[in-house]
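Colleague: take a look and give me a structure for this.
(one chain, ligands or ions: 1)
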Amino acid sequence: MTLISGPQVAEKVLSECRRDITQLKADGHTPGLAVVLVGDDPASRAYVRSKDKKCRELGLHSVKLELPATTTQPELLDIVARLNADPAIHGILVQSPPPPQIDEAAIVRAIDPAKDVDGFHPVNVAKLALEDPSGFVPCTPLGCQRLLIEAGIETKGAHAVVVGRSMIVGKPMAMLLMAKGTGGDATVTVAHSRTRDLPSITRQADILIAAIGRPHFIRAEHVKAGAVVIDVGINRVEDPSSEKGYKLVGDVAFEEVAPKCRAITPVPGGVGPMTIAMLMANTVKACRQAVGH
Ligand code: GUN
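Modeller: Got it, this is the predicted structure:
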């Protein structure tokens with residue numbers, strides 16, 4: 001069994017970003033990312049802080065906006081409009097999920113698709129379906145695909161089963177795996193909470209992507225011997241023995257599943273660092289496309 005290391009592959013992606021940033025800066029362009037958080041959800045706050053920190057480490061221009069939970073839809077639309085018009089900002093991310101008074105779909109549609117480094121705007125969803133490389137692909141599935149490529153896992157002709165159908169992970173993951181080319185050409189099945197007899201489907205997977213959002217949901221009975229398992233889950237579960245009072249666990253019951261696998265990603269140390277690395281890569285791409293590099 002091989003452990004697929006998220007931090008190691010993320011570092012490779014980030015070193016490519018550093019090289020591109022150096023070139024862009026030499027030509028007078030600094031990629032800029034704006035990250036917007038509405039409210040004070042602790043997990044979202046932690047994500048936004050680490051995105052901002054990574055930008056600074058790479059020498060990107062970073063704008064972090066932490067708005068009160070009472071922010072209204074018109075206020076947020078106004079902020080998005082200002083970021084759309086700001087030439088120093090090449091990427092805009094509004095952290096999901098927002099508070100209930102915010103219509104998230106309308107906010108996503110208000111972001112300039114050329115700055116939509118999350119890949120959530122309908123224009124970018126369509127570009128992914130159309131296999132148009134100028135589009136932005138959501139960072140988490142893009143990171144999962146890169147992990148498979150870097151770990152030398154052949155996707156061509158493999159049966160990939162994606163568990164989860166979210167717009168952030170499941171759907172774009174399925175589209176990436178079925179697209180033509182490196183990291184694609186797979187036969188893809190998408191399973192979800194209404195799937196009948198889930199274990200009989202997941203046991204067919206050569207590559208199993210767990211993106212359900214439920215701690216330790218995927219057990220040994222779900223996995224074929226020799227499968228490759230990518231665990232997208234980052235679930236906070238209570239842990240009185242830890243200083244923070246919680247620990248992070250994946251969607252996969254690692255202890256019982258790992259011994260059956262050819263390769264698996266751990267949590268933490270798997271997909272998580274890749275999401276941030278791909279966000280940096282998407283921001284660099286947005287800048288390059290904006291300045292015609
Ligand atoms: N919440 C969880 N993952 C993501 C992500 O990739 N982007 C945004 N904007 N919010 C998220």
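
Colleague: report the contact partners of Ala129.
Modeller: For Ala129, the contacting residues are Met175, taking C-beta atoms under 8 Å, 6 or more residues apart in numbering as the criterion. Every residue, glycine included, has its C-beta placed from N, CA and C.

Colleague: now the element after the one helix or strand it maps to, going C-ward?
Modeller: Per DSSP states H and E: Ala129 is located in helix 122-130. Using DSSP H and E, the helix or strand that follows helix 122-130 towards the C-terminus is helix 139-150.

Colleague: check the offset of that following helix from the chain's centre.
Modeller: Put simply, helix 139-150 sits 9 Å off its chain's centre (C-alpha atoms, centre = their mean, to the nearest Å).

Colleague: can you check stretch 91-98 too?
Modeller: Remark: stretch 91-98 is offset 12 Å from the chain centroid, using C-alpha atoms, centre = their mean.

Colleague: send the alpha carbons of that stretch over as CSV?
Modeller: Extracted in CSV, the C-alpha atoms of stretch 91-98 (Å, rounded to 0.1, in the frame of the first residue of the first chain):
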residue,chain,number,x,y,z
GLY,A,91,-9.0,35.9,-8.8
ILE,A,92,-12.1,36.2,-6.6
LEU,A,93,-13.3,33.6,-4.1
VAL,A,94,-16.3,33.9,-1.9
GLN,A,95,-16.0,31.2,0.8
SER,A,96,-18.9,28.7,0.8
PRO,A,97,-21.3,28.2,2.5
PRO,A,98,-22.4,31.8,3.2
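
Colleague: is that stretch in proximity to the ligand?
Modeller: Yes - counting by C-beta under 6 Å from any ligand atom, the ligand has neighbours in stretch 91-98: Leu93, Val94, Gln95, Ser96.

Colleague: helices or strands up against the strand or helix carrying Asp20?
Modeller: Secondary structure from DSSP H and E places Asp20 in helix 6-26. Counting contacts by 3 or more C-beta pairs under 8 Å, 6 or more residues apart in numbering; DSSP states H and E, helix 6-26 is packed against helix 42-58, helix 139-150, helix 271-291.

Colleague: of the residues of stretch 91-98 next to the ligand, closest to Glu150?
Modeller: Among the residues of stretch 91-98 next to the ligand, Leu93 lies closest to Glu150 (C-beta to C-beta), at 24.2 Å.

Colleague: thought the closest one was touching Val36?
Modeller: Yes - using C-beta atoms under 8 Å, Leu93 makes contact with Val36 at a distance of 6.9 Å.

Colleague: now the helices for the stretch 151-293 of the chain?
Modeller: 170-178, 198-202, 254-257, 271-291 (DSSP state H, counting those that start in this stretch).

Colleague: now these as JSON lines including mean pLDDT and mean neighbour count?
Modeller: Formatted as JSON lines, those follow (pLDDT from 0 to 100; neighbours: other C-beta atoms under 10 Å):
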{"stretch": "helix 170-178", "mean pLDDT": "98", "mean neighbour count": "23"}
{"stretch": "helix 198-202", "mean pLDDT": "98", "mean neighbour count": "17"}
{"stretch": "helix 254-257", "mean pLDDT": "98", "mean neighbour count": "17"}
{"stretch": "helix 271-291", "mean pLDDT": "98", "mean neighbour count": "24"}
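
Colleague: quick one: closest of those to the ligand.
Modeller: Among the helices of the stretch 151-293 of the chain, helix 271-291 comes nearest to the ligand, with 5.9 Å by C-beta to the nearest ligand atom.

Colleague: where does the stretch 1-150 of the chain come near the ligand, residue by residue?
Modeller: Counting by C-beta under 6 Å from any ligand atom, the stretch 1-150 of the chain sits next to the ligand at Leu93, Val94, Gln95, Ser96, Asp118, Cys139, Thr140.

Colleague: so which of those sit within strands?
Modeller: Leu93, Val94 (DSSP state E).

Colleague: tell me, how many neighbours does the residue of the chain found nearest the ligand end up with?
Modeller: Across the chain, no residue is closer to the ligand than Ser96, which sits at 3.5 Å (C-beta to the nearest ligand atom). Using other C-beta atoms under 10 Å, Ser96 has 17 neighbouring residues.

Colleague: can you tell me the centre-most residue of the chain?
Modeller: Among the residues of the chain, the one closest to the centroid is Thr140, at 1.6 Å (C-alpha atoms, centre = their mean).

Colleague: show me the contacts for that residue.
Modeller: So Thr140 contacts Ile168, Val169, Ala211, Val232, Val271, Met274, Thr275, Met278 (C-beta under 8 Å, 6+ apart).

Colleague: apply 10 Å and report the result again.
Modeller: 118-119, 166, 168-169, 172-173, 211, 232, 234, 271-272, 274-276, 278-279 (C-beta atoms under 10 Å, 6 or more residues apart in numbering).
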